[in-house]
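**Student:** sequence first, predicted model second:
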Amino acid sequence: MHVSLLELTDFRSYPQVAIELVAGVSVFLGPNGQGKTNLVEAVDYVATQSSHRVSSDQPLVRLGADRAVVRAVVQRDGRQALIEVEINPGKSNRARLNRGALPRAREALGILRTVVFSPEDLELVKGDPAARRRFLDDLLVVRQPRYAGVRSDYDRVLRQRSTLLKTAGRRGGAVRNESALSTLEVWDAHLARTGAELLAGRLELVDDLGPHVARHYTEVAMAVPKPDGGNDAGLVYKPSFTLGPALTDRAELAGAILAEIEVRRDEELDRGVTLDGPHRDDLTLLLGRLPAKGYSSHGESWSFALALRLAAFSVLQRDGDDPVLILDDVFAELDEARRNRLAELVSGTEQVLVTAAVAADVPPELIDHRFDVREGAVTRV
């Protein structure tokens, strides 16, 4: 799988740009602030309909424009597909496939698949649980696009239920609203159903990722495995409440969520928030028996973050074909040994897109095709 053409209209800093790409490694070089990351962000947006840099679509639209359009021609299994995504902040986005309108933009998900590694990924190791939850959910959507709907449904139910908790609860000494309490039971069932679906997907994904994370961490960190497993990288999914061992059946998970809701009913009503569910879960990253967060060195943290992204790539690759691998300004953050090791690991990938401010940061064997990016112009060298 690879992108052969990228066209942007009013996306970020680009009023209009078109770039022909080929399989192999393409490197976008230029000083900071010239728009290199905007290009690879656009490729990833076509695949995921979200940005790895910002949480909303508004910053993606060029100042003064009402909308942005990203077009990409994707080559896959000898076939070609044109995907167009129209970004409309505050409104529903639109998508077209081979110039035919799709009923919903998310129906374009899955045609192009990407994995992005960027400096922000250090937050996967050092940051809050929300970063790790997003890592899992984003990968779920890339792997199985139907999870975009599951994720959206869960977020909607969570908002509605939390609003109802505030209405039904005892606020300022007032008596609880019995009508709202009755309605709350309906939303409890919705939360349990959608939460169980999301939770089951995450648990299955963590099982699939685990062996790849361990292998890639050893490769990237160039660590000699200790006999006691003291430097093994591992993943443990941590739900917000206790689950039975090896519980993955969706109906049983829904029952477990409902049971926990009942246990914490009074506390939720008093506080006006939903206290348990996938929105409060975490993914614990382990080096040996210790959590990587708080115990790993800076180099170990970088190696773990990179191992997570390479593991995501391996899982998607095992599902079918190579996703497009995007390395956004990461070589400057790695020491020379890790740069060279990363270059070795990705050298056989069908398409790799790299951004860098300085050519010397990129191992020479990765510069197959070079583009200079300056003052809004993209020039192939």
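**Tutor:** Sure thing, it's come through. Numbering: from 1, shown residues only.
**Student:** so which elements touch the helix or strand hosting residue 193?
**Tutor:** For residue 193, the host element (DSSP states H and E) is helix 178-221. Judged by 3 or more C-beta pairs under 8 Å, 6 or more residues apart in numbering; DSSP states H and E, helix 178-221 is in contact with helix 129-143, helix 147-168, strand 233-238, helix 250-263, helix 298-319, helix 336-346. All C-beta spots, glycine's among them, are computed from the backbone N, C-alpha and C.
**Student:** tell me which other helices or strands the second one touches.
**Tutor:** With contacts taken as 3+ C-beta pairs under 8 Å, 6+ apart, helix 147-168 sits against helix 129-143, helix 178-221, helix 265-271.
**Student:** do the same with the third one
**Tutor:** Other helices and strands packing on strand 233-238, by 3+ C-beta pairs under 8 Å, 6+ apart, are helix 178-221, strand 282-287.
**Student:** still on that earlier bit, nearest to residue 332, out of the helices and strands packed on helix 147-168?
**Tutor:** helix 178-221 (16.4 Å; C-beta to C-beta).
**Student:** give me the angle between that closest one and strand 282-287.
**Tutor:** 20 degrees (axes from the mean of the first three to the mean of the last three C-alpha atoms, to 10 degrees).
**Student:** is the closest residue to residue 62 other than its chain neighbours in a helix, a strand, or coil?
**Tutor:** Distances taken as C-beta to C-beta, 6 or more residues apart in numbering put residue 10 closest to residue 62, at 4.2 Å, once the chain neighbours are dropped. When classified by DSSP: H, G, I helix; E, B strand; the rest coil, residue 10 comes out as strand.
**Student:** hmm, residue 10 is touching residue 60, no?
**Tutor:** No. Between residue 10 and residue 60 there is no contact under C-beta atoms under 8 Å: 9.2 Å.
**Student:** kindly reformat the helices and strands packed on helix 178-221 as CSV containing mean neighbour count.
**Tutor:** Putting these into CSV (neighbours: other C-beta atoms under 10 Å) gives the following:
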stretch, mean neighbour count
helix 129-143, 20
helix 147-168, 18
strand 233-238, 18
helix 250-263, 17
helix 298-319, 21
helix 336-346, 16
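**Student:** make a markdown table from these and add mean pLDDT to it.
**Tutor:** A markdown table is the format used below for the helices and strands packed on helix 178-221 (pLDDT from 0 to 100):
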| stretch | mean pLDDT |
| --- | --- |
| helix 129-143 | 95 |
| helix 147-168 | 92 |
| strand 233-238 | 94 |
| helix 250-263 | 93 |
| helix 298-319 | 93 |
| helix 336-346 | 87 |
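**Student:** closest one to residue 96 among the ones you listed?
**Tutor:** helix 147-168 (17.6 Å).
**Student:** residues in contact with that closest one?
**Tutor:** 49, 106, 109, 137, 140-141, 176-177, 180-181, 183-184, 187-188, 190-191, 194-195, 197-198, 201, 268-269, 271-274, 277-279 (C-beta atoms under 8 Å, 6 or more residues apart in numbering).
**Student:** please list only the buried members of those residues.
**Tutor:** 49, 106, 109, 137, 140-141, 177, 180-181, 183-184, 187-188, 190-191, 194-195, 197-198, 201, 268-269, 272, 274, 277-279 (16 or more other C-beta atoms under 10 Å).
**Student:** that older thread, what about the residue nearest to residue 62, how many residues nearby?
**Tutor:** Applying other C-beta atoms under 10 Å, we find 20 residues neighbouring residue 10.
**Student:** repeat that for residue 4.
**Tutor:** Neighbours around residue 4, by other C-beta under 10 Å: 15.
**Student:** try residue 34
**Tutor:** Count around residue 34 with other C-beta under 10 Å applied: 19.
**Student:** so it is in which element?
**Tutor:** Here residue 34 is assigned to no helix or strand, by DSSP H and E.
**Student:** and what of residue 296?
**Tutor:** Using DSSP H and E, residue 296 falls outside every helix and strand.
**Student:** touching, it and residue 124? I think so.
**Tutor:** No. Taking contacts as C-beta under 8 Å, residue 296 lies outside contact range of residue 124: 11.7 Å.
**Student:** common neighbours of the two, please.
**Tutor:** residue 304.
**Student:** I'd like the distance between the residue nearest to residue 62 and residue 287.
**Tutor:** 45 Å (C-beta to C-beta, to the nearest Å).
**Student:** convert stretch 38-46 to PDB, retaining C-alpha atoms only.
**Tutor:** Once non-C-alpha atoms are left out, stretch 38-46 reads as follows in PDB (Å, rounded to 0.1, in the frame of the first residue of the first chain):
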ATOM      1  CA  ASN A  38       1.500  19.500   7.600                       C
ATOM      2  CA  LEU A  39       2.100  17.200   4.600                       C
ATOM      3  CA  VAL A  40       2.400  14.000   6.500                       C
ATOM      4  CA  GLU A  41      -0.400  15.000   8.900                       C
ATOM      5  CA  ALA A  42      -2.700  15.300   5.800                       C
ATOM      6  CA  VAL A  43      -1.800  11.800   4.700                       C
ATOM      7  CA  ASP A  44      -2.600  10.500   8.200                       C
ATOM      8  CA  TYR A  45      -5.800  12.400   8.300                       C
ATOM      9  CA  VAL A  46      -7.100  10.700   5.100                       C
END
